[in-house]
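K.L.:
With the sequence up front, the predicted model follows.
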Amino acid sequence: MLNKLIDHTLLKPAASSQDIIGLCKEAIDYDFYSVCVNGSFVKTAYHELQDTDIKVCAVVGFPLGAMSAEVKVFEAKNAIHDGADEIDMVLHIGALKAGDKDYVLNDIQKVKAAVGNKVLKVILETCELTNDQIITACELCIEADADFVKTSTGFSSGGATVEAVRLMKSTVGNHAKVKASGGIRDYETAMKFVHLGVERLGVSSGIAIMKGKRSEENY
């Protein structure tokens, strides 16, 4: 079922607690897999969803990825303490582009150690990377035991593309799953990525997608 591939997402800076409560009610109505929120709203989402099987996902190092690993670790631990089941972290894009593989690997490994048996998804921001850099990022995520590689934050110059998802899938194989996010606004686009084999979709347009309509939301 498509609904159970969707992380129902609200990451806008102007989002309020009431907006998050509304997001959770929508997730319940459509039986989405999870809601994806900023860290300060994890408690609210957890409270609203605690009697359901819908997961709470929190973003870490979002949306730039350029803060220190120690800050990302603190964010991740705090989100899990507040009730998060999954963590979506942004890798250090600048370090990756500079070829500093050790930094990128250490960054991911520290967050993975912090989340333990919780699900860790690593956002690559593929629109900023070359194909070789996407491959390197995926390989580092595998080495760090990340559970997912994810295309995009939805806050940069581009989102998920068929080309990037195919490259990510071929690189990670069975070692990690792939989450497509960014710019997925309608049912046809969502299904295109599902047919490519993604195991999760990060969208703020989940309701429009389920209704077969198109949304202008970017994430």
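P.N.:
Arrived safely, thanks for sending.
K.L.:
Report the buried residues of stretch 158-168.
P.N.:
The neighbour-count check on stretch 158-168 (16 or more other CB atoms under 10 Å) flags 159-161, 164-165, 167-168 as buried. C-beta: built from backbone N, CA, C; applies to glycine.
K.L.:
Run through the protein and note the low-pLDDT ranges.
P.N.:
216-219 (pLDDT under 70).
K.L.:
Go ahead and flag the most central residue of it.
P.N.:
Asp88 (4.5 Å; CA atoms, centre = their mean).
K.L.:
could you measure that residue against Gln18, distance?
P.N.:
Distance of Asp88 to Gln18, computed by CB to CB, to the nearest Å: 23 Å.
K.L.:
cool, and Ala114?
P.N.:
Taking CB to CB, one finds Ala114 at 30 Å from Gln18.
K.L.:
These two: who's more crowded?
P.N.:
Ranked by neighbour count (other CB atoms under 10 Å), Ala114 and Gln18 place Ala114 first, with 22 against 9.
K.L.:
Surely that one is in contact with Ala76?
P.N.:
Yes - the pair Ala114 / Ala76 is scored as a contact, 4.7 Å apart, by CB atoms under 8 Å.
K.L.:
which residues in the chain form strands?
P.N.:
6-10, 34-37, 55-60, 86-90, 119-123, 148-150, 177-181, 200-203 (DSSP state E).
K.L.:
Walk me through which strands the first one pairs with, and which way each runs.
P.N.:
Paired neighbours of strand 6-10 in the sheet (DSSP bridges): strand 34-37 (parallel), strand 200-203 (parallel).
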